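[1] the sequence and its predicted three-dimensional model are supplied below.
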Amino acid sequence: MGTAGAEADEIAGERRQLINVAYRLLGSVTEAEDAVQDAFARWYALSRGRRQEIRSPGAWLTTVTSRICLDVLGSARARRERYAVMWLPEPLPDRTGERRDGAGPAGHADPADQIVLDDSVTTAFLVVLESMTPAERVAFVLHDVFRYPYLEIAPVLGRTPTACKQLAASARKRVPAPRGQGEVNGRAGVVRSVKQAWEAQDIAALVGILDPAAVMTADGGGAVGAALHPVVGGARIAQYMAAMADRAPGLELLERSVNGAPGLVALHAGVVMTVASIDVADDRVARIWAVRNPEKLRLWSAAGR
């Protein structure tokens, strides 16, 4: 293999890492893919001599991808403030058991299939990231999630390593303490109980599973019907869920992994209508994030079946 071929393979090998970084920074597979593609385009726009001068192409690509994401976050903040409802991250299916042929644009694997499903992509975690400033988010994700040293983060943000450390520390204060393993393991049972109570139209059982202070947030993107404001309180959420079943006869609920955690997928006539992430605390449902925006459900066309 020639030098050019070896370089191409080395650069292509960075794609998985870049997609993982970009999705955590942006909360959108589409935007993450666009950012990585832009970074690759900038790499190949360099002269061959300039590329050979770069000692670590992976580090260069990570820096450029992160800068692109920082710019996107800056514009996204204003865009999301004008969003019809609360903006929620694009949910990720777990397609571990499905056949993957690796096909995709220009022969690349589907970017969603390259994202590692761990605690740093749960909906609860991504929603917390949304509360950070763009600079805080970049500093925190690069350092705390991907373990990049502040010395390497500094050029991304155009700040000193000390300033980057302060940004990450400020962001870290917003991140809740990790749950105990027993609580994590019990989450699937709680989600199953929600499904069973909903199917039985047992409102009393639903109220018992939901925390009295539970909150449900829906993202319809202005394209489909969804609650315009968060629904607060276990009783109100139970009533909302019952009303949803009445409005859509034949709706089917499936237990599915959503961003690496137990969740529910609602189908109507075989079409995925809603993907719900469910956060559990003390064996009761504390938060429900329901994504109904069709643009964010494209990855679920096969995963929900």
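    Noted; the coordinates are in hand.

[2] for the rest of this, base every contact and every neighbour count on C-alpha atoms.
    OK.

[3] pLDDT below threshold where in this structure?
    1-9, 77-85, 95-109, 179-185, 223, 225, 302-305 (pLDDT under 70).

[4] just the strands in it please.
    Using DSSP state E, the strands of the chain run over residues 210-219, 231-232, 252-258, 261-268, 271-281, 284-291.

[5] redo those strands as JSON lines? Include distance to Arg67 and mean neighbour count.
    Shown next, in JSON lines, are those (distance: least, C-alpha to C-alpha, whole Å; neighbours: other C-alpha atoms under 10 Å):
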{"stretch": "strand 210-219", "distance to Arg67": "27", "mean neighbour count": "21"}
{"stretch": "strand 231-232", "distance to Arg67": "36", "mean neighbour count": "16"}
{"stretch": "strand 252-258", "distance to Arg67": "28", "mean neighbour count": "19"}
{"stretch": "strand 261-268", "distance to Arg67": "29", "mean neighbour count": "22"}
{"stretch": "strand 271-281", "distance to Arg67": "29", "mean neighbour count": "23"}
{"stretch": "strand 284-291", "distance to Arg67": "28", "mean neighbour count": "24"}
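
[6] can I get those in CSV including distance to Arg174?
    Listed next are the strands of the chain as CSV, based on distance: least, C-alpha to C-alpha, whole Å:
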stretch, distance to Arg174
strand 210-219, 18
strand 231-232, 21
strand 252-258, 23
strand 261-268, 21
strand 271-281, 17
strand 284-291, 17
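
[7] so which of these comes closest to Ala204?
    The closest of the strands of the chain to Ala204 is strand 210-219. By C-alpha to C-alpha, the value is 10.0 Å.

[8] show me what that closest one is packed against.
    Judged by 3 or more C-alpha pairs under 8 Å, 6 or more residues apart in numbering; DSSP states H and E, the packing partners of strand 210-219 are strand 231-232, helix 234-247, strand 284-291.

[9] which residues sit against the longest one?
    By that I understand helix 234-247. For helix 234-247, the external contacting residues (C-alpha atoms under 8 Å, 6 or more residues apart in numbering) are 198, 201, 203, 206-207, 210-216, 231, 251.

[10] likewise for the shortest one?
    Contacts to strand 231-232, defined as C-alpha under 8 Å, 6+ apart, come from residues Ala213, Ala214, Val215, Met216, Thr217, Ile237.

[11] those residues: which two are farthest apart?
    Within the contacts of strand 231-232, Ala213 and Thr217 form the most distant pair, 13.1 Å apart (C-alpha to C-alpha).

[12] circling back to that earlier point, and which of the contacts of strand 231-232 is nearest to Ala39?
    Top of the list for closeness to Ala39, among the contacts of strand 231-232 and by C-alpha to C-alpha, is Thr217 at 33.7 Å.

[13] how far away is that closest one from Ala163?
    Taking C-alpha to C-alpha, to the nearest Å as the measure, Thr217 falls 34 Å from Ala163.

[14] domain boundaries for this structure, per the record?
    According to automatic domain parsing, the chain comprises the domains 3-92+115-172, 181-303.

[15] what's the burial count for the closest residue to Arg137 other than its chain neighbours?
    Nearest-residue entry for Arg137: Leu129, 6.2 Å, with adjacent residues in sequence omitted and distances by C-alpha to C-alpha, 6 or more residues apart in numbering. Leu129: 25 surrounding residues under other C-alpha atoms under 10 Å.

[16] ok, now how distant is Leu129 from Arg55?
    Distance, Leu129 to Arg55, using C-alpha to C-alpha: 32 Å.
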